[in-house]
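[1] what follows is a predicted structure for the sequence shown.
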Amino acid sequence: MAACSTCSPLLTGEREGPIVAKVVSAKYAASIAREYFVHKRIIPLLSPAARSFIPQFHGLYCTGSPDEYAYVFIFENAGAAIREEVWDADEELRDQAKAAFRLIEGEGLAHGDSRSPNVVRRADGQIFLIDWGCTSRRNGNSNPEITFATVILCGITP
């Protein structure tokens, strides 16, 4: 199996520990590009409080054959998916997730898919928001760097 070149080097971050791979078919190239851009250029501009809800990004790699490529995102392992029945029964958990989405959106980054499958939880109870492929800039955001970067570099229109 032939592999294409590495798209980015492994990055080090504040949190270290187990990692997880997210494999995405190359047919979702627009979503892959957007999520990569968000992790490399937008999330670093967020406040430490907002970044604490986003798993550490370690890199993006391309793999596969000439007939079928896939991209592999490498992230900090931020926990497990929350079962739907747990989500439905736990109002405090839902409120915590809503507050995290609002905090990040208030800084100019709208997730675009703020449903329970995009919230994971570590054993210690810390939640993380995942899957930033539907992200857009939030109108009226308070961070002009995010507005500029999103509109000019990613092509997402206001």
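    In hand now; what should we look at? Computed from a prediction, not measured in an experiment: that's the story for all the values here.
[2] where along this structure do the helices fall?
    29-37, 48-51, 84-89, 91-106, 144-148, 154 (DSSP state H).
[3] and stretch 33-47, what's buried?
    Going by neighbour count (16 or more other C-beta atoms under 10 Å), the buried part of stretch 33-47 is Arg34, Glu35, Tyr36, Phe37, Val38, His39, Ile42, Ile43, Leu46. Where you see a C-beta, it was placed from the backbone N, CA and C, and this is true even at glycine.
[4] of these, closest to Asp131?
    Glu35 (7.6 Å; C-beta to C-beta).
[5] enumerate every residue touching the closest residue to the closest one other than its chain neighbours.
    Distance criterion C-beta to C-beta, 6 or more residues apart in numbering; nearest residue to Glu35, sequence neighbours excluded, is Gly133 at 4.3 Å. Counting by C-beta atoms under 8 Å, 6 or more residues apart in numbering, Gly133 touches Val24, Tyr28, Ser31, Ile32, Arg34, Glu35.
[6] closest one to Leu60 out of the residues you listed, please.
    Among the contacts of Gly133, and counting by C-beta to C-beta, the member closest to Leu60 is Ile32, at 7.6 Å.
[7] who's the residue nearest to that closest one when sequence neighbours are not counted bridged to?
    Distance criterion C-beta to C-beta, 6+ apart; nearest residue to Ile32, sequence neighbours excluded, is Tyr71 at 5.0 Å. Counting by DSSP bridges, Tyr71 forms beta bridges with Val24, Cys62.
[8] show me the shaky parts of the protein.
    1-16, 138-158 (pLDDT under 70).
[9] distance of the residue nearest to the spatial centre of it relative to Glu85?
    The chain has Trp132 as the residue nearest its centroid, 3.7 Å off, counting by C-alpha atoms, centre = their mean. Trp132 sits 26 Å away from Glu85, going by C-beta to C-beta, to the nearest Å.
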